[in-house]
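no sequence for this one, just the structure:
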């Protein structure tokens, strides 16, 4: 690296990293949220990761984090391959996925020699953002026909089933015993942190979503799911809108999400809530070797 260094971040570098990520706030929610919850310690626990940063004149200019779940997440306007390589070398994990702005993911994948590796997901996605002052919730939510609430422990079994179906539909994932256990752990973690949302109609759960990253002022929406037999009734829009109404009431001012370019139904639903495109994003999830 000319005029600087690449090094692994550690305890004491939190403010330095946060200052850089704030410059790319809407496309760095995974990194920013993981940093807030887990810091710069990596013992393989959920949300922990190893961060490799490019530092020039005392400031971070790019970063890659390799996390407990084997996902490598980028905010690297430059040196994507070099940072990815450094993070993987230090973490000693395999690469299960590449996540970040589209061009950065493609650059890292080429540089790491992974273009030929099979994927469950390898899509360009539209990155959306919304100022919650402009949120437009749907009529069924406002008139009480449906209710949005946080998921509870007694919802976990059904939500684990739904997460398996979501994985099959979006990535072709096969539910094995290990996948089932991982999905259950993920759902329980979301419930414990009040980041799992469900929509009820007449006492029956009809849709779900999560905050898959969260800061005091911003949340990131993910895992939006409606069972196929219940689609076309506005439930996805209502569960997202309901979660954001609650977030807004507690001081959150912004939301972001991303959805595949080909998913026009989701785009219409999100745009009806007030979301507008602001860029692109990319998720590559690799098939296990």
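Arrived safely, thanks for sending. Because the structure is predicted, anything quoted here is derived from the model rather than measured.

Three-state assignment for the residue nearest the centre of the chain, please.
Centroid-nearest residue in the chain, with CA atoms, centre = their mean: residue 212, separated by 4.9 Å. State at residue 212, reduced to three classes by DSSP: H, G, I helix; E, B strand; the rest coil: strand.

where does the spatially closest residue to it that is not a sequence neighbour land in three-state SS?
In this structure, residue 212 finds its nearest non-sequential neighbour in residue 222, 3.5 Å apart by CB to CB, 6 or more residues apart in numbering. From N, CA and C alone the C-beta is placed, and that goes for glycine too. For residue 222, the assignment made with three-state DSSP gives strand.

surely residue 222 meets residue 208?
No - look at residue 222 against residue 208 with CB atoms under 8 Å: they stay out of range, at 10.7 Å.

the two: which has the busier surroundings?
residue 208 (27 against 17; other CB atoms under 10 Å).

phi and psi next, for that one.
Residue 208 adopts backbone torsions of phi -150, psi 160, taken as degrees, to the nearest 10.

might one say that it is in contact with residue 151?
Yes - taking contacts as CB under 8 Å, residue 208 lies within contact range of residue 151: 7.2 Å.

shared neighbours of those two, anything?
159, 196-198 (CB atoms under 8 Å, 6 or more residues apart in numbering).

so which other helices or strands are in contact with the longest strand along the chain?
In the chain, taking DSSP state E as the definition, the longest strand is strand 119-131. On a contact count with 3 or more CB pairs under 8 Å, 6 or more residues apart in numbering; DSSP states H and E, strand 119-131 meets helix 156-171, strand 254-260, helix 264-273, strand 276-286.

thinking again about what came up before, now the shared contacts of residue 208 and residue 151 in TSV, with secondary structure?
Output for the shared contacts of residue 208 and residue 151, formatted as TSV (three-state DSSP):
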residue	secondary structure
159	helix
196	strand
197	strand
198	strand
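
and those, which two are the farthest apart?
Farthest pair in the shared contacts of residue 208 and residue 151 (CB to CB) is 159 and 197. Separation: 10.1 Å.

shared neighbours, those two?
Residues touching both residue 159 and residue 197 (CB under 8 Å, 6+ apart) are 151, 208.

so residue 98 is in which element?
Using DSSP states H and E, residue 98 falls within strand 97-100.

pull the distance from that strand to the chain's centre.
10 Å (CA atoms, centre = their mean, to the nearest Å).

next one: stretch 97-108
Distance, centroid of stretch 97-108 to centroid of chain: 14 Å (CA atoms, centre = their mean).

quote the end-to-end distance of that stretch.
11 Å (CA to CA, to the nearest Å).

list the buried residues for it?
97-102, 104-108 (16 or more other CB atoms under 10 Å).

pLDDT of stretch 187-197, averaged?
Mean pLDDT, stretch 187-197: 96.

so what touches that stretch?
By CB under 8 Å, 6+ apart, the surrounding residues in contact with stretch 187-197 are 46, 148-153, 155-156, 159-160, 163, 208-212, 214, 239, 242-243.

now list the buried members of those.
For the contacts of stretch 187-197, buried by 16+ other CB under 10 Å: 148-149, 151, 155-156, 159-160, 163, 208-212, 214, 239, 242-243.

I'd like the next helix or strand past the worst-scoring helix or strand of the chain on mean pLDDT.
Here the helix or strand of the chain ranked lowest by mean pLDDT, DSSP states H and E is helix 139-142, holding a mean of 84. Counting by DSSP H and E, the next helix or strand C-terminal to helix 139-142 is strand 147-150.

list the contacts of that next one.
Under CB under 8 Å, 6+ apart, the answer for strand 147-150 is 141, 191, 194, 196-201, 238-239, 241-243, 245-246.

what do you get if the cut-off is 6 Å, keeping everything else the same?
With contact meaning CB atoms under 6 Å, 6 or more residues apart in numbering, strand 147-150 is reached by 194, 199-200, 239, 242.

just stretch 203-218 next, same as before
The contact list for stretch 203-218 (CB under 6 Å, 6+ apart) reads 29-30, 32-33, 162, 190, 195-199, 219-220, 222-226, 230, 235-236, 239-240, 243, 253-254.

buried members of those residues into PyMOL, please.
In PyMOL syntax, the buried subset of these is picked out as below (16+ other CB under 10 Å):
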select buried, resi 29+30+32+33+162+190+195+196+197+198+199+219+220+222+223+224+225+226+235+236+239+240+243+254
